[in-house]
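Q: Dropping the sequence and predicted coords here.
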Amino acid sequence: MKHEWQNSDLTTLVAHSIDLIGTDEFTQSLAHLCLQTNAFDSAYIAAFFHDHAPCELFSNLSQADTTVTVTPYLDYAYLLDPFYDLFKEGIGDEVVFLQECAPDDFQSTDYYRLFYEETGLVAECCVFIKFETSASLAISLGNRCSAFENPEQIKNSLDSILPVIAALCRRHWPKLDPSTLKGTGRLGHHVAASFELFGSSKLSPREADIVRLILKGHSSKSIARIFDNSPETVKVHRKRIFTKLAITSQGDLFSLFIEALA
């Protein structure tokens, strides 16, 4: 397993990253450091903002995976990302596995189908580095080969070097600013606003809230807990929502969502 690393290896990787601070090669060195200390095989680094779409800073994904996932992610799909939700909630420096933060019905969503099933991604974690209240660095590490034998050990390995990763990142990027970062991304004001307003012309405010939670992968039970209602009440809301929007499935709902953001 790749996460069985020695202190001498870690020292060499960290020293190399220090040497590259302030250069264009730093992000690749940072990704290499993260990948060599655990069992992941892909890395994607982005800057998260509250008032701007994410900015891509590094990716070692194939061109095929980039076309299928990265382009729609930066355009709109980040709004459905459990990791982006954690950022909006104010998470600090932390290592989080997807299963720790994803809603209970996440695997039934079109988001999961598009970004996980169709690309063969079987596991993912995110290393968060908080810069200020409105920005964080998100280092997404993925595995497309096999399930982990010991995810707790892998997380412990990343946790042990999290202070080093954070120090390197803050030295390389004294501030995260979408107007000066090298990478891709676009203004997300209208995208976020469209998401908040999705369905509001036909739905009540509570129904619109439920729609957004459905899109993110919350089950009726999960939504009921959030609103302190019964699952049966939420099911009635869902049926009424589908009738008002003239749809018959969650897939139809996702399609309407994409059309609304176009």
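A: Thanks, I have it.

Q: Can you list the residue ranges for strands in the protein?
A: Secondary structure of the chain (DSSP state E): strands at 42-49, 55-59, 94-97, 123-132, 135-143.

Q: which parts of stretch 99-111 are buried?
A: For stretch 99-111, burial by neighbour count (16 or more other C-beta atoms under 10 Å) applies to C101, A102, P103, D105, F106, T109, D110, Y111. No exception for glycine: its C-beta is placed from N, CA and C like everyone else's.

Q: Ok, stretch 234-244 next?
A: Neighbour counts over stretch 234-244 (16+ other C-beta under 10 Å) mark V234, H237, R238, I241, F242 as buried.

Q: Just give the closest residue to the last one, not the sequence neighbours.
A: The shortest distance from F242 to any residue other than its chain neighbours is 6.5 Å, reached at T248 (C-beta to C-beta, 6 or more residues apart in numbering).

Q: Filter the buried residues of stretch 234-244 down to just the ones in helices.
A: Per DSSP state H, helices hold the following members of the buried residues of stretch 234-244: V234, H237, R238, I241, F242.

Q: could you dump the residues you listed to CSV with pLDDT?
A: Listed next are those as CSV, based on pLDDT from 0 to 100:
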residue, pLDDT
V234, 93
H237, 93
R238, 93
I241, 94
F242, 94
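
Q: if we take those, which one ends up nearest to L261?
A: Set against L261, the nearest of those by C-beta to C-beta is I241 (18.3 Å).

Q: Would you confirm that that closest one contacts L203?
A: Yes: between I241 and L203 a contact is recorded at 6.2 Å, counting by C-beta atoms under 8 Å.

Q: Can you work out which residues contact both of the two?
A: V211 (C-beta atoms under 8 Å, 6 or more residues apart in numbering).

Q: one step back: out of the buried residues of stretch 99-111, what pair is the most spread apart?
A: By the measure C-beta to C-beta, C101 and D110 form the most distant pair in the buried residues of stretch 99-111, at 18.6 Å.

Q: any idea how far the residue nearest to F242 lies from R238?
A: From T248 across to R238, the span is 12 Å (C-beta to C-beta, to the nearest Å).

Q: List the residues that contact the one residue sitting closest to the centre of the chain.
A: The residue lying closest to the centre of the chain (C-alpha atoms, centre = their mean) is F83, at 3.7 Å. Contact partners of F83, counting by C-beta under 8 Å, 6+ apart, are V96, L98, C101, C126, F128, A138, S140.

Q: So the fifth one versus L203, what's the distance?
A: Between F128 and L203 the distance is 33 Å, computed by C-beta to C-beta.

Q: before we move on, what about the first one?
A: From V96 across to L203, the span is 32 Å (C-beta to C-beta).

Q: Give me the below-cutoff pLDDT ranges for the stretch 1-150 of the chain.
A: Across the stretch 1-150 of the chain, the ranges flagged by pLDDT under 70 are 1-8, 146-149.

Q: Please enumerate the helices of the stretch 51-200 of the chain.
A: Under the criterion DSSP state H, counting those that start in this stretch, the stretch 51-200 of the chain carries helices at the ranges 63-65, 71-75, 82-88, 98-101, 110-112, 151-172, 189-197.

Q: can you redo these as a markdown table with distance to L121?
A: Putting the helices of the stretch 51-200 of the chain into a markdown table (distance: least, C-beta to C-beta, whole Å) gives the following:
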| stretch | distance to L121 |
| --- | --- |
| helix 63-65 | 9 |
| helix 71-75 | 12 |
| helix 82-88 | 13 |
| helix 98-101 | 9 |
| helix 110-112 | 10 |
| helix 151-172 | 15 |
| helix 189-197 | 23 |
